[in-house]
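Undergrad: let me see the structure of the following:
(chains A and B)
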Amino acid sequence: MSSQALKRWAFVHKWTSLVCTVFLLMLCVTGLPLVFREELADLLSDDPPYAVLPANTPMANLDVMVRTARERYPGQSINFVFVDDDEPQVSVGILPSPTADPGLMHRMKFDARTGEVLKDVAPMGQRSPDFLEVMLHLHRDLFIDLPGELFLGAMGLLFVAATVSGMVLYAPFARKAGFGGVRQQRGRRTRWLDLHNLLGVTTLAWTLVVGATGVMNELAQPLFLLWQRTDVQAMLQPYRGQPAPRVDELSSVQAAFRTVQQALPGMVATSVVFPGSRFGTPYHYLVWTKGASPLTSRLFSPVLVDARTGKLTAVVQMPWYLRALEVSRPLHFGDYGGMPLKVIWALLDLVTIVVLGSGLYLWLSRRRSPIEARLAELQAAE
Amino acid sequence: MSALPRIWTWPLVLALLTMIGLLSALLGEGGVWWALSWLALAAPLLVIAVCLLKVGQSS
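TA: Numbering: from 1, shown residues only, chains lettered A, B, ... in the order given. Got it, this is the predicted structure:
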């Protein structure tokens, strides 16, 4: 590669890294506990235990749980019912009005078999967030929702550019030390440069995948909005002009759930979004379903059930960009291969922290001998 | 060995193993696919450990 081209890559590597490194260090540190969030959530949870019942105890009636929630918050609006397939719990989300700020949402947790209320979780705005929520918000949106998501997504893009440019620069810088060599006798700076190269290049593929899928995850809100504005609007065309069902007109949510389970025997129904919610439609129960295999359990398909008649209206095909988003989730979280995979994820995260830190050190220490000067040195020596 | 293969062979092998590791747990149904995933994804960590041990011995 010409020295001119290499200089350009060095420029890209320096500036993309400089802009994103502080945020990436924060993302790596907050990401570490998030790798183990299921385990930590169990550990930190003060929720009352589930009733001890035989494994084949059938699920209690969702309509009863919804009625309990309505009685506790009269005049408010049921937003969703979530049926966990992992633990015997059902959560019901309640908002003051269907389109109120999601930060005002109450969540009532029920034992799925007895229908008893286990816990009533206050809205985010009325309590201090727990440890995992703080980590998640810092990691995902810096506590400022969409602007934070887009900003961190942009930092992720810079990180991907820094990784690619770092890969290009690896060759001229590693030629002397060879792969894996860490020269000991050439001073601290050379030692850290060799270490930066070794750790960076060995974990390159993982870094690129986790970086790119992280960017993809930050685009979730715009992508869902795009889908709602296009495909969902088209689907609702036949209903245009009709009045939305009143609360007393709603058909049974239990029946809607059952209808979907019977219509799609290979799928698992996981939640029901109530009519009027900003994440649903004005006229339907939107039932989210997923597959049963490791991959398809990450792919969700919404099913619309007419909220007045209880009849199945449509099984919705998700567009490619939402499928891409769904596949990018496990590849970012590392939560799809048991505890050993999580441990590997955490170790690779720690390696990335060292790569970022050593890169920062190399920049700080080379302001006296900048990267361009060192590149010229290398080329003069050849 | 000339310079390029000398410095790029291992990184390419590790990148390939990483991709195999990432996909085998995602597409396979648990069991042997998970084990393959752990082994393949542990390879970069193992190579780092071996390189650092070598450095520690030579200094």
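Undergrad: I'd assumed A:Asp111 was in contact with A:Gln89.
TA: Yes - using C-beta atoms under 8 Å, A:Gln89 is in contact with A:Asp111, at 6.9 Å. Placement of C-beta: from N, CA and C, glycine included.
Undergrad: spell out which parts of chain B neighbour chain A.
TA: B:3-4, B:6-11, B:14-16, B:18-19, B:22, B:25-30, B:34, B:37-38, B:41-42, B:44-45, B:47-48, B:50-52, B:54-55, B:58-59 (C-beta under 8 Å from any C-beta of the partner chain).
Undergrad: most centrally placed residue in chain B?
TA: Centroid-nearest residue in chain B: B:Ala43, 2.9 Å away (criterion: C-alpha atoms, centre = their mean).
Undergrad: for it, what are phi and psi?
TA: Phi and psi for B:Ala43, reported as degrees, to the nearest 10, are phi -60, psi -50.
Undergrad: who's more crowded, A:Gln89 and A:Asp111?
TA: When A:Gln89 and A:Asp111 are compared for neighbours, A:Asp111 comes out ahead with 20 against 17, by other C-beta atoms under 10 Å in any protein chain shown.
Undergrad: count the residues that sit near the closest residue to A:Ala292 other than its chain neighbours.
TA: What sits nearest to A:Ala292 in space, not counting adjacent residues and going by C-beta to C-beta, 6 or more residues apart in numbering or on different chains, is A:Val268, at 6.1 Å. For A:Val268, the neighbour count with other C-beta under 10 Å is 16.
Undergrad: show me what contacts A:Val268?
TA: By C-beta atoms under 8 Å, 6 or more residues apart in numbering or on different chains, the residues touching A:Val268 are A:Asp85, A:Thr289, A:Lys290, A:Gly291, A:Ala292, A:Ser297.
Undergrad: centre of the chain versus stretch A:17-34, how much separation?
TA: Centroid displacement of stretch A:17-34 relative to its chain, using C-alpha atoms, centre = their mean, to the nearest Å, is 15 Å.
Undergrad: contact partners of it?
TA: A:40, A:131-132, A:135-136, A:138-139, A:152, A:155-156, A:158-159, A:162, A:166, A:214, A:333, A:346, A:349-350, A:352-353, A:356-357, A:359-360, A:363.
Undergrad: how about it, which residues are buried there?
TA: A:17, A:19-21, A:23-24, A:27-28, A:30-34 (16 or more other C-beta atoms under 10 Å in any protein chain shown).
Undergrad: mind saving the C-alpha coords of it as PDB?
TA: The C-alpha coordinates for stretch A:17-34 follow below in PDB (Å, rounded to 0.1, in the frame of the first residue of the first chain):
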ATOM      1  CA  SER A  17     -10.800   6.200  17.800                       C
ATOM      2  CA  LEU A  18     -10.300   9.500  19.600                       C
ATOM      3  CA  VAL A  19     -14.000  10.500  19.200                       C
ATOM      4  CA  CYS A  20     -15.500   7.200  20.300                       C
ATOM      5  CA  THR A  21     -13.000   5.700  22.800                       C
ATOM      6  CA  VAL A  22     -14.400   7.300  26.000                       C
ATOM      7  CA  PHE A  23     -17.900   6.200  25.100                       C
ATOM      8  CA  LEU A  24     -16.700   2.800  24.100                       C
ATOM      9  CA  LEU A  25     -15.000   2.300  27.400                       C
ATOM     10  CA  MET A  26     -18.200   3.300  29.100                       C
ATOM     11  CA  LEU A  27     -20.100   0.800  26.900                       C
ATOM     12  CA  CYS A  28     -17.700  -2.000  27.600                       C
ATOM     13  CA  VAL A  29     -17.800  -1.400  31.400                       C
ATOM     14  CA  THR A  30     -21.700  -1.200  31.500                       C
ATOM     15  CA  GLY A  31     -21.900  -4.100  29.100                       C
ATOM     16  CA  LEU A  32     -20.000  -6.400  31.400                       C
ATOM     17  CA  PRO A  33     -22.800  -6.800  34.100                       C
ATOM     18  CA  LEU A  34     -25.400  -6.800  31.300                       C
END
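Undergrad: circling back to that earlier point, for the residue nearest to A:Ala292, what are phi and psi?
TA: phi -110, psi 120.
Undergrad: hey, what's in contact with both of A:Gln89 and A:Asp111?
TA: Common neighbours of A:Gln89 and A:Asp111 (C-beta under 8 Å, 6+ apart) are A:Tyr50, A:Leu118.
Undergrad: follow-up on the earlier one: adding secondary structure and distance to A:Lys342, write the buried residues of stretch A:17-34 out as a markdown table.
TA: Listed next are these as a markdown table, based on DSSP: H, G, I helix; E, B strand; the rest coil; distance: C-beta to C-beta, whole Å:
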| residue | secondary structure | distance to A:Lys342 |
| --- | --- | --- |
| A:Ser17 | helix | 27 |
| A:Val19 | helix | 30 |
| A:Cys20 | helix | 25 |
| A:Thr21 | helix | 25 |
| A:Phe23 | helix | 23 |
| A:Leu24 | helix | 20 |
| A:Leu27 | helix | 17 |
| A:Cys28 | helix | 15 |
| A:Thr30 | helix | 16 |
| A:Gly31 | helix | 12 |
| A:Leu32 | helix | 11 |
| A:Pro33 | helix | 11 |
| A:Leu34 | helix | 10 |
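Undergrad: pipe these into TSV and attach pLDDT per row.
TA: What follows is those, written out as TSV (pLDDT from 0 to 100):
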residue	pLDDT
A:Ser17	97
A:Val19	97
A:Cys20	97
A:Thr21	97
A:Phe23	98
A:Leu24	98
A:Leu27	98
A:Cys28	98
A:Thr30	98
A:Gly31	98
A:Leu32	98
A:Pro33	98
A:Leu34	98
